[in-house]
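Participant: sequence first, predicted coordinates after that:
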2 protein chains.
Amino acid sequence: MEKPARTNHPMHDIISGRWSPRALDPAKPVSREHLASLLEAARWAPSCFGDEPWRYIVWDRFIDPDSWQRAFECMVPGNQAWAKNAPILMLSIADTLFEFNASPNRFGQYDTGAASENLVLQAHALGLAAHQMGGFDPDKARSAFSVPERYACMSMIAVGHPASPDILDAGLKEKELADRSRKPVESRFFEGSWGIPVKIA
Amino acid sequence: MEKPARTNHPMHDIISGRWSPRALDPAKPVSREHLASLLEAARWAPSCFGDEPWRYIVWDRFIDPDSWQRAFECMVPGNQAWAKNAPILMLSIADTLFEFNASPNRFGQYDTGAASENLVLQAHALGLAAHQMGGFDPDKARSAFSVPERYACMSMIAVGHPASPDILDAGLKEKELADRSRKPVESRFFEGSWGIPVKIA
């Protein structure tokens, strides 16, 4: 199912076409070739001082169902309701310190968000569905998977092949079929100084 | 100049081809149509609860040179040395609170990093050069442009048309021509638990 952004101005297909589907095919694994491309896309994101502060942990239900299940159990029920079908779960993790000198890295989360955007755009380019979630217990994930204290657990990412929205229950199906929307440009994009709307048509 | 990533696995052209050039054409403005597409790409990034925590301030040297100059003066000398040629500077800014209920948003910087990645990928897709910098004084920028305390100033972004590396001084030209590189996959991408390298070829 395609849900291209209703854009005010043209943008590249993989940016306008990317969205966060919930309907995933439970029977179809993600190939290792596709997984490798997703991680490679994240790997080539830009970062402050080239520190590459992102880390990812991958769980593949078709390879290690027990670990996948432990990751699944970190999610809130509202996300479990659809992410149960995801063949792959991932956790994005941000270093709070620079690797090269262990001083605070105030760009760790920002750069990790960029890497994850590359990852989900690459998923879309391959015809996969990728959906990031803030709704999980980061402390439980840290404990379950031995994430050291200096790193921040950021986002769970469900990845799989798209399925019909009919596999979702009624409430989720309604969300899946709803139009995508964004807030007005003038609320977010300024020119010259804070609060002055940018001058684009 | 093209510097495609030396990838281990295939990825989409706009992801593999994006890099952070320093050689910008000082005489060629960025059209409002192109600027609109860059901001639109940022606007359609994903965000936790759809809160869209990013904000951007744009300065266009061909439209408002005084404001552009004030933004320029927030940068460290090492960045000024090449960003002086940028027709457009932008600042990415992250909300630390959710807009919908004013509670802390731990995804504000992460989501803003995603929006900026969309922006720089869209720039690359249009044949523009976009280069993010952490090297600026965020307090000076906050004061100069009235950024409210609840928002974090994240990254300065120089945007322009690419130019020959010959316009750079010797040290910067060397950086401009250097190969791009990334750290080994196994240092960043794990499977099953922290520190266990992901199993991809």
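Facilitator: Alright, I've got the coordinates.

Participant: C-alpha only now, for contacts and for neighbours.
Facilitator: Will do.

Participant: thought A:Ala125 was touching A:Ile14?
Facilitator: Yes. Here A:Ala125 reaches A:Ile14: they are 6.0 Å apart, a contact under C-alpha atoms under 8 Å.

Participant: would you map the strands across chain A?
Facilitator: Taking DSSP state E as the criterion, chain A carries its strands at A:54-60, A:88-95, A:129-133, A:151-160, A:189-191.

Participant: which of these is buried the deepest?
Facilitator: strand A:54-60 (a mean of 27; mean count of other C-alpha atoms under 10 Å in any protein chain shown).

Participant: what helices or strands is that one leaning on?
Facilitator: helix A:65-72, strand A:88-95, helix A:108-125, strand B:189-191 (3 or more C-alpha pairs under 8 Å, 6 or more residues apart in numbering or on different chains; DSSP states H and E).

Participant: isn't A:Ser187 right up against A:Pro197?
Facilitator: Yes. With contact defined as C-alpha under 8 Å, A:Ser187 reaches A:Pro197; the gap is 7.4 Å.

Participant: who's more crowded, those two?
Facilitator: Higher neighbour count among A:Ser187 and A:Pro197: A:Pro197, with 18 against 15, using other C-alpha atoms under 10 Å in any protein chain shown.

Participant: residues contacting the more buried one?
Facilitator: The contact partners of A:Pro197, by C-alpha atoms under 8 Å, 6 or more residues apart in numbering or on different chains, come to A:185-187, A:189-191.

Participant: so which of those reach chain B?
Facilitator: A:185, A:189-191 (C-alpha under 8 Å from any C-alpha of the partner chain).

Participant: switch those residues over to JSON lines; also include pLDDT.
Facilitator: Listed next are these as JSON lines, based on pLDDT from 0 to 100:
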{"residue": "A:Val185", "pLDDT": "94"}
{"residue": "A:Phe189", "pLDDT": "98"}
{"residue": "A:Phe190", "pLDDT": "98"}
{"residue": "A:Glu191", "pLDDT": "98"}
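
Participant: out of those, who's nearest A:Phe107?
Facilitator: A:Phe189 (21.0 Å; C-alpha to C-alpha).

Participant: which residues does that closest one bridge with?
Facilitator: Beta bridges link A:Phe189 to B:Tyr56, judged by DSSP bridges.

Participant: dump the residue contacts of it.
Facilitator: A:197-198, B:39, B:55-58.

Participant: go on, A:Gly160?
Facilitator: A:24-26, A:28-30, A:86-88, A:128-130.

Participant: likewise A:Ile196?
Facilitator: So A:Ile196 contacts A:186, A:190 (C-alpha under 8 Å, 6+ apart).

Participant: related to what we said a few turns ago, what's the closest of the contacts of A:Pro197 to B:Asn118?
Facilitator: For the contacts of A:Pro197, the nearest to B:Asn118 is A:Phe189 (14.5 Å; C-alpha to C-alpha).

Participant: for the closest residue to A:Arg150 other than its chain neighbours, give me phi and psi.
Facilitator: Distances taken as C-alpha to C-alpha, 6 or more residues apart in numbering or on different chains put A:Thr96 closest to A:Arg150, at 5.9 Å, once the chain neighbours are dropped. Note on A:Thr96: its backbone torsions stand at phi -90, psi -10 [degrees, to the nearest 10].

Participant: quick check: the gap between the residue nearest the centre of chain A and A:Phe190.
Facilitator: Centroid check for chain A by C-alpha atoms, centre = their mean gives A:Gln132 as the closest residue, at 3.3 Å. Counting by C-alpha to C-alpha, to the nearest Å, the separation of A:Gln132 from A:Phe190 is 27 Å.

Participant: again, but for A:Ile88
Facilitator: Distance from A:Ile88 to A:Phe190, by C-alpha to C-alpha: 39 Å.

Participant: so what's the residue count around A:Asp169?
Facilitator: 11.

Participant: now it: how far from B:Glu73?
Facilitator: 55 Å.

Participant: check A:Ala123 too.
Facilitator: 39 Å.

Participant: more neighbours, the two?
Facilitator: Comparing A:Ala123 with B:Glu73 by other C-alpha under 10 Å, the one with more neighbours is A:Ala123, at 27 against 17.

Participant: just checking, that one touches A:Leu38?
Facilitator: Yes. The criterion here is C-alpha under 8 Å, and A:Ala123 meets it with A:Leu38 at 6.2 Å.

Participant: report pLDDT for the residue lying closest to A:Leu89 once chain neighbours are set aside.
Facilitator: The shortest distance from A:Leu89 to any non-neighbouring residue, by C-alpha to C-alpha, 6+ apart, is to A:Ala158 (4.7 Å). A:Ala158 is assigned 98 on the pLDDT scale.
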